[in-house]
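A.B. asks: structure for the following, please:
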Amino acid sequence: MNEPMEPINMEESEQKNGAAQNCFEWAEALVSSIVIVIAIFTFLFRVVAVSGPSMETTLMSDDRIVLTNLFYTPQPGDIVVMSHGAQFQEPLVKRVIAVEGQVVDINISGEVFVDNQKLEEPYIQGALTFPGAQSYPLEVPEGYVFVMGDNRPVSLDSRSHEVGLIDKRNIIGKAQCIIYPFNRIGGLS
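C.D. replies: Residues are numbered from 1 along each chain as shown. This is a model prediction of the structure:
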């Protein structure tokens, strides 16, 4: 009972192998792309949601911002995102006012001075800066930064003992731009 074998159709066999090869190549490209995107957003960029009014009108609650953190060193004027332990549910978003070795002073009129130079702060829209619980003048120790929110009357920041000076190791990254909502997309300064 030997049945005759059908002749092998080489063209049909090559098409099946070609289709399998194409599927494998697509799957490999997809996995590689996913790994690259994860690596980029883990090591180069992060997206963080702003929570609360402390940075208004520069940043509004629920804005989504992109951070960079690779080889970042905080500089005065930078908007940074930091973790602050279990005290706060979400990361804090604030502006760096002074870095290690600089001296911060807030006078009775609410003017902010760093190293005896009055800061020009157009982003606070003339709001009075209350000194808070710190004693001034205050020299920022090595490894720390002094931060404040742009909406000074409601910002919980380095002026309070609850937040205090920020250890540079707790800075997640520098805010670069707003990516959501779409009508607010743009860079930050």
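A.B. asks: now the residue nearest to Val154 when sequence neighbours are not counted: phi and psi?
C.D. replies: Nearest residue to Val154 in three dimensions, chain neighbours excluded: Pro53, at 5.5 Å (C-beta to C-beta, 6 or more residues apart in numbering). Backbone N, C-alpha and C define where each C-beta goes, glycine included. Pro53 adopts backbone torsions of phi -90, psi 10, taken as degrees, to the nearest 10.
A.B. asks: can you pull the contacts of Pro53?
C.D. replies: Pro53 makes contacts with Met60, Ser61, Asn151, Val154, as judged by C-beta atoms under 8 Å, 6 or more residues apart in numbering.
A.B. asks: let me see the contact set for the last one.
C.D. replies: Pointing back at Val154 there. Gly52, Pro53, Ser54.
A.B. asks: for it, give its distance to Gly132.
C.D. replies: 12 Å (C-beta to C-beta, to the nearest Å).
A.B. asks: and if you look at Glu120?
C.D. replies: In terms of C-beta to C-beta, Glu120 sits 21 Å off from Gly132.
A.B. asks: who has more neighbours, those two?
C.D. replies: Between Glu120 and Gly132, Gly132 has the larger neighbour count (other C-beta atoms under 10 Å), namely 19 against 7.
A.B. asks: bridging residues for Arg95?
C.D. replies: When bridges are called by DSSP bridges, Arg95 pairs up with Ile79, Met148.
A.B. asks: who does the lengthiest strand in the chain touch, helix- and strand-wise?
C.D. replies: Ranked by residue count and defined by DSSP state E, the top strand of the chain is strand 171-180. Using 3 or more C-beta pairs under 8 Å, 6 or more residues apart in numbering; DSSP states H and E as the contact test, the elements touching strand 171-180 are strand 45-49, strand 64-68, strand 79-82, strand 186-187.
A.B. asks: quick one: the helix or strand of the chain at the bottom of the mean pLDDT ranking to strand 45-49, angle?
C.D. replies: When the helices and strands of the chain are scored by mean pLDDT, DSSP states H and E, helix 10-43 comes last with a mean of 76. In terms of direction (axes from the mean of the first three to the mean of the last three C-alpha atoms, to 10 degrees), helix 10-43 departs from strand 45-49 by 60 degrees.
A.B. asks: who's in contact with Gly187?
C.D. replies: Shown in contact with Gly187 (C-beta under 8 Å, 6+ apart): Gln176, Cys177.
A.B. asks: do the same with Phe113
C.D. replies: Under the criterion of C-beta under 8 Å, 6+ apart, the neighbours of Phe113 are Val104, Asp105, Ile106, Asn107, Leu119.
A.B. asks: is the third one in contact with Arg159, as I believe?
C.D. replies: The reference is to Ile106. Yes: with contact defined as C-beta atoms under 8 Å, Ile106 reaches Arg159; the gap is 7.5 Å.
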